[in-house]
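1. Please work out how this folds:
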Amino acid sequence: MIKVYQIQLTRAEEFAVNRDGWDSTPKAKAYINRSFSRTFDPSTFQYYTHVANVDVDDMEAAFEAMNLWQESKYFRQVKRLSPCSSMSVGDILEKDGEFYRCASFGFDKVSIL
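-> Numbering: from 1, shown residues only. Have a look, this model is predicted:
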């Protein structure tokens, strides 16, 4: 099983971003930087939420299931724990107690400490 972590902004946080920009809060800044930063900043992990479990052992298979979860082949593999989106760059995966960041191509091992 692979755990998926994402940064989810609340409606109030989205409003603040629209009003004040991406620097409005540290969480909003972490949200926008997660996709564009080449390196992972472990201090931002506090803003991530465990949003889903994917019943597979391979991260590429987890990526596929998280992006095609409404197709019958993948429907039972993804257990959503809270609101989430398709997997994208910057999302964090946990496999066997180790953490990986979804990168533009593949996955980069990261430390959350």
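2. element containing the closest residue to residue 56 other than its chain neighbours?
-> Distances taken as CB to CB, 6 or more residues apart in numbering put residue 62 closest to residue 56, at 5.3 Å, once the chain neighbours are dropped. In this view, the C-beta of every residue, glycine as well, is placed from N, C-alpha and C. Using DSSP states H and E, residue 62 sits within helix 59-67.
3. How about residue 18?
-> Secondary structure (DSSP H and E) places residue 18 in helix 11-20.
4. shouldn't residue 40 be in contact with residue 108?
-> Yes - taking CB atoms under 8 Å as the definition, residue 40 is a contact partner of residue 108 at 7.2 Å.
5. Residue 60: what's it in contact with?
-> By CB atoms under 8 Å, 6 or more residues apart in numbering, residue 60 lies in contact with nothing.
6. quick one on the thing from earlier: grab the CA positions of the helix holding residue 18 and hand them over as CSV.
-> Provided in CSV are the C-alpha atoms of helix 11-20 (Å, rounded to 0.1, in the frame of the first residue of the first chain):
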residue,chain,number,x,y,z
ARG,A,11,-11.9,28.1,0.7
ALA,A,12,-10.7,30.8,3.0
GLU,A,13,-7.1,30.1,2.0
GLU,A,14,-8.1,30.2,-1.7
PHE,A,15,-9.8,33.6,-1.1
ALA,A,16,-6.7,34.9,0.7
VAL,A,17,-4.5,33.8,-2.3
ASN,A,18,-6.9,35.5,-4.7
ARG,A,19,-6.9,38.7,-2.7
ASP,A,20,-3.3,38.8,-1.5
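7. Okay, buried residues for the helix or strand just after that helix please.
-> Of the helices and strands lying after helix 11-20 in sequence (DSSP H and E), the nearest is helix 26-36. Neighbour counts over helix 26-36 (16 or more other CB atoms under 10 Å) mark 27, 28, 29, 30, 31, 32, 34 as buried.
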